[in-house]
Each structure stands twice: as structure tokens, then as C-alpha cells.
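S.K.: Need the 3D shape of this:
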Amino acid sequence: MHLLHLYFIDKTRGLSHLWDRLPLLLLDGPACPILNPLKIKFMNMSASLKQCYDLLNKTGRASAITISFLRKDLRDALCLFYLVLRAVDTVEDDMTIPDDIKVTMLTSFDKYLLDPTWRYTESNDEYAVVLENFPCISKSLRELPSKYRAIITERGCQIGKGMANFVGKELMTSEYINEYCKQVAGVFCIGVTRLFVASGLEPEVPDTSAIIQASLFLHKINMIRDFKKDWQCGRLYYAGDVWSKYINNPGDFLKPENFDKGVKCVNELVTDALQYLIPYLGFLKTLSSESAIKFFGIHQIMAIATLERCYNNPMVFMESVSISREETGEIIKSASILAEIVGKIQYYTER
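M.R.: Next up is the predicted model:
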């Protein structure tokens, strides 16, 4: 029996305290968090797919949590799609890989996904483990139903080629940043939506322009919160036409005497990101299944909660700002239907 079903049943038997702690239980186990406490669903899973869920939990806990609510076929597909994106993104983010080699790798994932032995062991990125263990990802992908495999392969390769267009180039303007986000996050979000359609949970793909606007909201938040980590790794995702209003060298935002200037820059970037919040809500309203609404809704709440943490906060220049595990648990607990999701979004927006 599914773990959630056990809690629903036992809640009426005086175990409501367990239900209250469920959001934290979801965050504590390895691999697929919601299933781990009772080891359900892993008995009939291949060794390579188990390894993929372990990689997902190590490199994307938020995604591991949100996909854990989905039925098995779609959950597996989204797990692998995320890992393919993480592999492509790790190649792009690793500034120790020479640009010519990086471009070749980013445009070759169509071959890597078909090669059972391909792996990359020379990455110095924090998520190098995904590239080092890529054979388990490609193997599990080849074992997926073709309706999912085709979408992941097409979109994953498109993202890699889109990233290749920006290798070695400075993201100097907000328009350039937007185009980058569209070619990366936009393509990914369209792919995720198509996986929901392929599963039968959604009748058709919503307007792609709405999906792209929603993806801009999600991706820009990561760019804002990760300034220090990105700068220390030799990357910069703050638009030049924004940061140059406040300082001559963006690295100087990390100096305490410049935190006030940095906060003004962050606030402008946050305000820019907020323009995509309403289109994201519009996208949510086009979804028909509870699973899709909850999946995209939780991502949106966690995004606006993170944005609220970043606003007017000099900590952005000291660490990657994030919401707590407890707060993540509360978000999951209170995001079952659209009205609850909208209420949470309103709460963080007002803050």
C-alpha cells in the first residue's frame, strides 16, 4: 500500500501527529523520498533505475520530492529527464572544460544517450557524479516506453545545442538572458508538459508561449540566488545592463562594503522576475489533472518563496539563499489543489 494511503487511514485512528510530520518525512529518505520509509516500489526496479533515483536525490532534492507524488511510469520518465538535463547542465557549468570541447560535448548528447559505455570522468563540477555515472541514465532511458524516450531524447539534445550557442559569450543584456532561459528552461518545461500529455494525464500541450513564460520565472530565480557560487566558479548570470548600474565589477558585490549596492541590484532582478508570475498562474489554470497542477504548483510556490528570501537580502552575496526543509514540507502539505497553491503564492508575494 502507498505510504500516503497508510497515513490517510491511520489519521482517523489517533495518529494525526504522524500526518503533521509527513512533510518532514518526505525530505529525510534517500532516492524517492516519499516511498523510502517503507521501501515500497523499489523491489521491482532495475539496478540502473535505482541508481538513477539515488543520483536524483543527490543532485536535485526538490525535483525528487515533486515527482515522488506521480504514478510510476511518469515518475520514472521525469527522473530521467531531470538527470539528462543535469548532465547537460553540468557540462555547461564546468568552467574547467575548454570551450571547444564543451561545445562538442553539448551537441553530442544524441550519441551519448545511445552509447551504453559513455561517461565523463574529468569534470570538476559539483554535480560531476551524474556524468561519471551516465551509463545508468542512458540504460534506464533506453528501457523507457518509446513515448517517453522520444520526448526526453529530443528535448535533452535540443537543450544541449541551445546551451552550445552561448558558450564563451557574456550575457550582457536582459534580452540575451531571456533568450538563454528560453533555449534552456523553456525547452525543458515544454518537454515536461509533453511527458504529462504522453502519460494521458493531460489532454494536450498548453500554449507553448505560456510554458516559456513560466520557465523564465523559475530559471531567473536560480540565477539570482546562486550569484556567489556562480561567480566563484567563473560564471555570471546577472545581466550586464542591470549590474552595471550599481557597480563596475560584479565580483565586488561580494565585498561587505558593497552589499547595499548588491541588494539594489538583486531587488531589480527580483522585480524583473515577478513579471512572469502571472503568466505562470495562467499556465497552471490551463492544466486539468490534479497531478500536473500539484507538480507545477509546488515548483512555483518554492520559487516565489525563494524569491521572497532573496529580496532585500544581502545574504545572496554570502551563500545560495534557499528555504528551509521544514518550510518545504509545509509547502508540499498545503499544495493539493489550485486554490491552496494560489493562496500560498499570494502569501509569499505579499511578503
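S.K.: Burial check on residue 95, number of neighbours?
M.R.: As a burial measure, residue 95 scores 14 neighbours (other CB atoms under 10 Å). From N, CA and C alone the C-beta is placed, and that goes for glycine too.
S.K.: Now it. Nearest residue, chain neighbours left out?
M.R.: In space, and not counting its chain neighbours, residue 95 is closest to residue 234: 3.9 Å by CB to CB, 6 or more residues apart in numbering.
S.K.: How far off centre is the one helix or strand residue 82 maps to?
M.R.: With elements taken from DSSP states H and E, the one containing residue 82 is helix 72-93. Distance of helix 72-93 from the chain centroid (CA atoms, centre = their mean, to the nearest Å) equals 10 Å.
S.K.: picking that back up, work out for me the element the residue nearest to residue 95 sits within.
M.R.: Short version, using DSSP H and E: residue 234 is in no helix or strand.
S.K.: Compute the distance between it and residue 247, please.
M.R.: Residue 234 is 18 Å from residue 247, where distance means CB to CB, to the nearest Å.
S.K.: Count the neighbours of residue 339 for me.
M.R.: 8.
S.K.: other SSEs contacting the helix or strand containing it?
M.R.: Counting by DSSP H and E, the element that carries residue 339 is helix 338-350. Judged by 3 or more CB pairs under 8 Å, 6 or more residues apart in numbering; DSSP states H and E, the packing partners of helix 338-350 are helix 277-285, helix 290-310.
S.K.: Please name the nearest non-neighbouring residue to residue 266.
M.R.: Nearest to residue 266 is residue 316, by CB to CB, 6+ apart, at 5.3 Å.
S.K.: can you pull the pLDDT of that neighbour?
M.R.: For residue 316, the model assigns a pLDDT of 96.
S.K.: repeat for residue 207
M.R.: Looking at residue 207, its pLDDT is 79.
S.K.: And for the residue nearest to it when sequence neighbours are not counted, the neighbour number?
M.R.: Excluding its sequence neighbours, the residue lying closest to residue 207 (CB to CB, 6+ apart) is residue 286, at 7.2 Å. By other CB under 10 Å, the residues close to residue 286 number 16.
S.K.: So residue 66 sits against residue 300, correct?
M.R.: No. Residue 66 is beyond contact range of residue 300, at 10.6 Å (criterion: CB atoms under 8 Å).
S.K.: Which one's more surrounded, these two?
M.R.: Comparing residue 66 with residue 300 by other CB under 10 Å, the one with more neighbours is residue 300, at 25 against 22.
S.K.: Who are the contact partners of that one?
M.R.: Counting by CB atoms under 8 Å, 6 or more residues apart in numbering, residue 300 touches 214, 217-218, 280-281, 284, 341, 345.
S.K.: can you check residue 166 too?
M.R.: 180, 183 are the contacts of residue 166 under CB under 8 Å, 6+ apart.
S.K.: Need the per-residue pLDDT for it.
M.R.: On pLDDT, residue 166 comes in at 93.
S.K.: State the phi and psi torsions of it.
M.R.: Dihedral angles phi and psi of residue 166 (degrees, to the nearest 10) take the values phi -110, psi 0.
S.K.: same thing with the one 5 residues further on?
M.R.: Taking degrees, to the nearest 10, you get phi -90, psi 80 for the backbone angles of residue 171.
S.K.: these two touch, right, it and residue 177?
M.R.: Yes. The pair residue 171 and residue 177 passes the contact test of CB under 8 Å, sitting 5.2 Å apart.
S.K.: Those two: which is more packed in?
M.R.: Applying other CB under 10 Å to residue 171 and residue 177 shows that residue 177 carries more neighbours, namely 24 against 20.
S.K.: per-residue pLDDT, the more buried one?
M.R.: 91.
S.K.: count of residues packed around the residue nearest to residue 266?
M.R.: 25.
S.K.: Just give me the residue right at the centre of the protein.
M.R.: residue 63 (6.0 Å; CA atoms, centre = their mean).
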